[in-house]
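# I would like the atomic coordinates for the input below:
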Amino acid sequence: MHKYYNNFFGRFGGRYVAEILHTPLDELETAYREAIIDKQFQEQFALGARDYIGRPTPLLYAKNSTEKIGGAHIYIKLEGLANTGAHKINNALGQGLLAKRMGKTRIIAETGAGQHGFAAAAMCAKLGLECRVYMGEVDMARQRPNVFWMELFGAEVVPVKSGSRTLKDAVNEALRDWASSFPTTHYLLGSALGPSPYPDMVREFQSIIGREVEAEIDKQGLNVEALIACVGGGSNSIGFFYPYLEKTKPRLIGAEAGGRGKGPGEHAARMTGLAKTGIVQGYKSHFLLDEDGQVLPTHSISAGLDYPGIGPQLAFLGSSGRIEFIEVSDKEALDAVRFFAEHEGIVFALESAHAGALALKIAKQYPEDKTIIVNMSGRGDKDLFILAKAIDKETWFSFLKREVE
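Numbers count the residues shown, from 1 in each chain. As a prediction, the model looks like this:
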């Protein structure tokens, strides 16, 4: 049996869950609504953001890239300089503090690229909470460095062997765990999706990115024409875009995973692909579904974008035209990693590199008195094994062989 509540963005969102999950979701929503307006909770979050995460993160003028490409000035929001290497720690800290406030002693989380699991594990170590992270076997293999860090922080990383063995399946396993353990457990969902109140809650904790960007725009007097972010589930993008969602400018552009082709299982493009409206994992949104309503396989070189759905608020904003979505291929993302490494001395995570690739294209559309800003939602340390294999396979394999021997 499913039930829905009135937490919708247009026709998207809601709460479609099994009966057993009504109680923990009601408890969570009440606790969140109370905490978010509580001055003491706000101060706790602000202090943790400053002293533990290292906020505010810089807004870098990509001077070399701008001169190389031509057109608008390119600025990069360096979320990769946050503690644990990505934006995910913002939400992990907020939900961790909320879990402590609720008296929970255990955290469960799902992860794809590993950055959310990494952030959740780090936060649990900091706050003294037990941590279990569900991760698909495929993602564990391609993101082994983050698995190592999660385990170093004391988290239990559970391989998910069902389905496509990626992020979608990790979410399913986390929900099953929560259904039987919620009296002591908080499910720290990592993206702006799922049943309410998660889309609101994750957006609120991630809005710190957009608020910082807005302050810098005003401080520097930047003439911003476009904000660009990668979009998987959507936590970095909805937080980055937040101050401008109800305005008509600047352009808000989401980079989706175009993967390696147009066929089923070759990409993860929902808004630019053939997605259908459906209800999956407790919420209504756009999903890549077959004719029978079953979730299709997906592909992206970036594990964090390898997901068949999109957050409900982003689906609504895309349908209304406020956010534009553009596909970026695996190759284009790899090329962007190379470009920014060579010209700016920074390494984009493969997820963020999808947005970086779009920035290089879109900058050319504007004159040089305009500005575009791209969100580097994470840095590419975690992608070392993927990048090294893709860029210099022979040398990398020789190195690994020597290490094993």
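# and the host helix or strand of Y134, which strands flank it?
Assigned by DSSP states H and E, Y134 belongs to strand 130-136. If you go by DSSP bridges, strand 130-136 pairs up with strand 106-111 (parallel), strand 156-160 (parallel).
# Now do the strands in this structure.
Listed in chain order, the strands of the chain (DSSP state E) span 8-9, 12-13, 59-61, 73-78, 106-111, 130-136, 156-160, 185-187, 224-230, 251-259, 276-280, 283-287, 323-329, 371-376.
# For E225, give me the pLDDT.
We have a pLDDT of 98 for E225.
# my bad, M1
pLDDT, M1: 28.
# Relative to H73, how far out is S235?
Distance, S235 to H73, by CB to CB, to the nearest Å: 27 Å. For glycine as for every other residue, the C-beta is placed from the backbone atoms N, C-alpha and C.
# higher neighbour count, these two?
Between S235 and H73, counted using other CB atoms under 10 Å, the more crowded position is S235 (31 against 22).
# between the strands of the chain, which one is nearest to Q42?
Closest approach to Q42 among these (CB to CB): strand 185-187, 19.3 Å.
# For the lengthiest helix in the chain, list every residue counted as buried.
Among the segments of the chain that qualify as a helix by DSSP state H, the longest is helix 198-220. Across helix 198-220, burial judged by 16 or more other CB atoms under 10 Å covers 198-210, 212-213, 216-217.
# surely A179 meets E19?
No: in this structure A179 lies outside contact range of E19 using CB atoms under 8 Å: 9.8 Å.
# quick one, which of the two is more surrounded?
Using other CB under 10 Å as the criterion, A179 and E19 rank with A179 on top: 17 against 10.
# And for the more buried one, nearest residue in space, chain neighbours not counted?
Nearest non-adjacent residue to A179, counting by CB to CB, 6 or more residues apart in numbering: I20, 4.9 Å away.
# The one you found: neighbour count?
Other residues near I20 number 11, with proximity taken as other CB under 10 Å.
# what's the spacing between it and Q281?
I20 is 15 Å from Q281, by CB to CB.
# for the nearest residue to G80 once chain neighbours are set aside, what are its contacts?
Nearest in space to G80, with sequence neighbours left out and distances taken as CB to CB, 6+ apart, is R379 at 3.1 Å. Applying CB atoms under 8 Å, 6 or more residues apart in numbering to R379 gives the contacts G80, L81, G85, A86, I346, V347, F348, A349, S352.
# which parts of stretch 156-170 are buried?
V157, V158, P159, V160, S164, R165, T166, L167, K168, D169, A170.
# Repeat that for stretch 349-363.
Buried residues in stretch 349-363, counted by 16+ other CB under 10 Å: 349-360, 362-363.
# same check, this time on stretch 235-251
Neighbour counts over stretch 235-251 (16+ other CB under 10 Å) mark 235-245, 250-251 as buried.
# now, which of these sits nearest V295?
Comparing the buried residues of stretch 235-251 against V295 with CB to CB places S235 closest, at 20.2 Å.
# which residue sits closest to G304 in space, ignoring its chain neighbours?
In space, and not counting its chain neighbours, G304 is closest to A113: 3.4 Å by CB to CB, 6+ apart.
# Quick one: neighbours of that neighbour, just the number.
Counted with other CB under 10 Å, the neighbours of A113 add up to 29.
# thinking it is in contact with A303, fair?
Yes: applying CB under 8 Å, one finds A113 in contact with A303, separated by 4.1 Å.
# any shared contact partners between these two?
Listed as contacting both A113 and A303 by CB under 8 Å, 6+ apart are D139, Q143.
# So M376 is in contact with I74, correct?
No: between M376 and I74 no contact is recorded; they are 11.2 Å apart, counting by CB under 8 Å.
# The two - which one has more neighbours?
Of the pair M376 and I74, M376 is the one with more neighbours under other CB under 10 Å, namely 32 against 27.
# Could you list the low-pLDDT ranges of the stretch 1-150 of the chain?
Applying pLDDT under 70 to the stretch 1-150 of the chain flags the ranges 1-6.
# Name the nearest residue to T23, sequence neighbours excluded.
That would be F182: by CB to CB, 6+ apart, it lies 6.9 Å from T23.
# Quick check: the gap between that neighbour and K370.
49 Å.
# Among those two, which residue is more densely surrounded?
F182 (20 against 17).
# how about the more buried one, what does it touch?
If you count contacts by CB under 8 Å, 6+ apart, F182 has them with L21, T23, P24, E27.
# now these: which count as buried?
In these, burial by neighbour count holds for L21, P24, counting by 16+ other CB under 10 Å.
# Of the contacts of F182, which belong to helices?
T23, P24, E27.
# quick one: which of those residues is nearest A336?
Among the ones in helices among the contacts of F182, P24 lies closest to A336 (CB to CB), at 40.2 Å.
# I figured the closest one hits W178, correct?
Yes: P24 is within contact range of W178, at 6.5 Å (criterion: CB under 8 Å).
# Pull up the overlap in contacts between those two.
Counting by CB under 8 Å, 6+ apart, the contacts common to P24 and W178 are Y187.
# picking up where we left off before, distance to E403 added to the contacts of F182, as CSV?
Below are those laid out as CSV (distance: CB to CB, whole Å):
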residue, distance to E403
L21, 45
T23, 50
P24, 45
E27, 48
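# and the contacts of F182, which two are the farthest apart?
Based on CB to CB, the longest span within these runs between L21 and E27 and measures 10.6 Å.
# all helices for the stretch 51-200 of the chain, in order.
Assigned helices in the stretch 51-200 of the chain, in chain order: 63-69, 88-101, 115-127, 137-142, 144-152, 167-181, 198-220 (criterion: DSSP state H, counting those that start in this stretch).
# ok so, going back, of the contacts of R379, which is the most crowded?
S352 (35 neighbours).
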